[in-house]
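Student: no sequence on hand, only this structure:
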């Protein structure tokens, strides 16, 4: 009887501790809030977070702070919704790194203020991570996962679809497995693509991804209502009728030096009409502009790469691989600088025109390739969108509320309002003055749990050698 009493007492203590921890509130006191419902700043606010949601907010002088609340002195600081990366991957998606590092990879994202991510080539492991994140078993962003990509040729984690039935079966399998979207990439014949789109519509799952200019094309993707990544196929739409080439710089064709000659035959007066048709078809556009601009347009030096804060996460072997890539790649070393500048200029005109036409630009890093790491890459993309002509507020929307609109979750997250999920980033300076201020963080609140930036920086210092040291070097036989 005595042992049972001890067991009950222990159970009650644990239950009280867990319940108390869950119900304990956190208060941001005196903070300036950028709510993202419209362009404005709410000065000197106090926000109470309880049970993972914003329970109360208002002028600091009018909000009663619970006595047991964790109090965060946020005077002079700025609070924004958590950031979203709409196009990313993990190093552990491939065979070069073990699956065991994935939770640490997700923590790198959180440490950079990223509270929601969309993985663009799905794996069963990512589905497990999605469930673990939703259950609160790991410190990770809210996760969405696109399917293994549908392609016409073997390219790793994919469904090779060369006929209509293969396409429909790939969509059915992806839906049954629980993926959130159907991802299409390259070399998919047009009729096969249309079959995949048709099957996806029947099953109620959206199609996202590339618009291969040689097989599908932007106009066919528009007709399908597809959400297009990278501005794939858009340069081809600008070619003059008498252009000697029908191919330009999109997707895999970026590696063909002759395609860069197409910039001598562009009609940019078409851009406003193309932007209008884009918004009419699907207003959500994810240009992954920084990745494209700074991986193929403006080339980094080895010194620049070494100076990046994310450089240390890559093992020396991988670092050297990318150094060599930039030195030896034929396309990178033969395309004239003026052609690269023209490409960047036209991409930026598309981004601005789509935004001005009512489009919903979204932030996507397309990391971690080319020594651009997830988490860090979101801030690079925001800066690149700003350089493309979007205002600081428009860029913040691209990284917060626009993705929530795309997911259909704006009533729950993506703005700072009472009842919204407490995914929040506390900044030391106003990002509406300078978008780079998103990198000046005091801390991150993830699903109602507060992490100081000191703690998050410690995560990064601890994780970097773990990820770099986990690299698996595959030996090839002669």
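Tutor: Perfect, thanks for sending it. Keep in mind it's a predicted model, so treat the numbers as computed, not measured.
Student: give the contact list for residue 87.
Tutor: The neighbourhood of residue 87, defined by C-beta atoms under 8 Å, 6 or more residues apart in numbering, consists of 118, 120, 229, 286, 288, 364-366. Just so you know, the C-beta spots here come from the backbone N, C-alpha and C atoms, and that holds for glycine as well.
Student: if you look at those residues, which of them are in strands?
Tutor: residue 118 (DSSP state E).
Student: switch the contacts of residue 87 over to JSON lines; also include distance to residue 205.
Tutor: Shown next, in JSON lines, are those (distance: C-beta to C-beta, whole Å):
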{"residue": "118", "distance to residue 205": "14"}
{"residue": "120", "distance to residue 205": "15"}
{"residue": "229", "distance to residue 205": "17"}
{"residue": "286", "distance to residue 205": "18"}
{"residue": "288", "distance to residue 205": "22"}
{"residue": "364", "distance to residue 205": "20"}
{"residue": "365", "distance to residue 205": "24"}
{"residue": "366", "distance to residue 205": "22"}
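Student: can you name the residues bridging to the most centrally placed residue in the chain?
Tutor: Residue closest to the average C-alpha location in the chain (C-alpha atoms, centre = their mean): residue 85, at 1.8 Å. Residue 85 has these beta-bridge partners by DSSP bridges: residue 117.
Student: could you measure from it over to residue 332?
Tutor: Taking C-beta to C-beta, to the nearest Å as the measure, residue 85 falls 26 Å from residue 332.
Student: ok, now residue 281?
Tutor: Taken as C-beta to C-beta, the span from residue 281 to residue 332 is 33 Å.
Student: what segments of the stretch 151-300 of the chain are strands?
Tutor: Per DSSP state E, counting those that start in this stretch, the stretch 151-300 of the chain carries strands over the ranges 158-160, 181-184, 206-209, 227-228, 284-285.
Student: show me what the third one is packed up against.
Tutor: When contacts are defined as 3 or more C-beta pairs under 8 Å, 6 or more residues apart in numbering; DSSP states H and E, strand 206-209 packs onto strand 181-184, helix 190-203, strand 227-228.
Student: check the offset of that strand from the chain's centre.
Tutor: What separates the centre of strand 206-209 from the centre of its chain is 15 Å, taken as C-alpha atoms, centre = their mean, to the nearest Å.
Student: who's in contact with that strand?
Tutor: Outside strand 206-209, the residues touching it (C-beta under 8 Å, 6+ apart) are 120, 146, 149, 181-185, 196-197, 200, 224-229.
Student: could you rerun that using 6 Å?
Tutor: 181-185, 197, 200, 226-227, 229 (C-beta atoms under 6 Å, 6 or more residues apart in numbering).
Student: need the residues you listed in JSON lines (columns: neighbour count and distance to residue 191).
Tutor: Below are the contacts of strand 206-209 laid out as JSON lines (neighbours: other C-beta atoms under 10 Å; distance: C-beta to C-beta, whole Å):
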{"residue": "181", "neighbour count": "21", "distance to residue 191": "21"}
{"residue": "182", "neighbour count": "28", "distance to residue 191": "16"}
{"residue": "183", "neighbour count": "25", "distance to residue 191": "19"}
{"residue": "184", "neighbour count": "34", "distance to residue 191": "13"}
{"residue": "185", "neighbour count": "23", "distance to residue 191": "17"}
{"residue": "197", "neighbour count": "23", "distance to residue 191": "11"}
{"residue": "200", "neighbour count": "27", "distance to residue 191": "15"}
{"residue": "226", "neighbour count": "24", "distance to residue 191": "16"}
{"residue": "227", "neighbour count": "21", "distance to residue 191": "21"}
{"residue": "229", "neighbour count": "25", "distance to residue 191": "22"}
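Student: between the residues you listed, which is closest to residue 300?
Tutor: Nearest to residue 300 among those: residue 229, at 22.5 Å, using C-beta to C-beta.
Student: do you know how far the closest residue to the closest one other than its chain neighbours is from residue 80?
Tutor: Closest residue in space to residue 229, ignoring its immediate chain neighbours: residue 286 at 5.2 Å, by C-beta to C-beta, 6 or more residues apart in numbering. Residue 286 sits 20 Å away from residue 80, going by C-beta to C-beta.
Student: more neighbours, those two?
Tutor: Higher neighbour count among residue 286 and residue 80: residue 286, with 28 against 25, using other C-beta atoms under 10 Å.
Student: quick revisit: residues in contact with the residue nearest to the centre of the chain?
Tutor: For residue 85, the contacting residues are 114, 117, 365, 378, by C-beta under 6 Å, 6+ apart.
Student: one step back: okay if I get the strands of the stretch 151-300 of the chain as a markdown table plus distance to residue 134 and mean pLDDT?
Tutor: Listed next are the strands of the stretch 151-300 of the chain as a markdown table, based on distance: least, C-beta to C-beta, whole Å; pLDDT from 0 to 100:
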| stretch | distance to residue 134 | mean pLDDT |
| --- | --- | --- |
| strand 158-160 | 26 | 97 |
| strand 181-184 | 17 | 98 |
| strand 206-209 | 20 | 98 |
| strand 227-228 | 23 | 98 |
| strand 284-285 | 23 | 98 |
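Student: turn these into CSV, columns for distance to residue 26.
Tutor: What follows is these, written out as CSV (distance: least, C-beta to C-beta, whole Å):
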stretch, distance to residue 26
strand 158-160, 43
strand 181-184, 33
strand 206-209, 35
strand 227-228, 35
strand 284-285, 32
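Student: nearest to residue 90, of these?
Tutor: The nearest among the strands of the stretch 151-300 of the chain, by C-beta to C-beta, is strand 181-184 at 15.1 Å.
Student: contacts for that closest one?
Tutor: Counting by C-beta under 6 Å, 6+ apart, 120, 146-147, 149-150, 171, 174, 200, 205-209 sit against strand 181-184.
Student: out of the strands of the stretch 151-300 of the chain, the one nearest residue 67 is which?
Tutor: strand 284-285 (44.5 Å).
Student: ranges for the strands of the stretch 351-478 of the chain?
Tutor: Going by DSSP E, counting those that start in this stretch, the stretch 351-478 of the chain shows strands at 360-361, 424-427, 441-446, 449-452.
Student: could the ones you listed be laid out in CSV, adding distance to residue 139 and mean pLDDT?
Tutor: Below are the strands of the stretch 351-478 of the chain laid out as CSV (distance: least, C-beta to C-beta, whole Å; pLDDT from 0 to 100):
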stretch, distance to residue 139, mean pLDDT
strand 360-361, 29, 98
strand 424-427, 15, 98
strand 441-446, 7, 98
strand 449-452, 8, 98
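Student: show me the shaky parts of the stretch 1-150 of the chain.
Tutor: Applying pLDDT under 70 to the stretch 1-150 of the chain flags residues 1-23.
Student: what distance do you get for the closest residue to residue 399 other than its chain neighbours to residue 90?
Tutor: Counting by C-beta to C-beta, 6+ apart, residue 399 lies nearest to residue 363, which is 4.1 Å off, once chain neighbours are set aside. Using C-beta to C-beta, residue 363 is found at 18 Å from residue 90.
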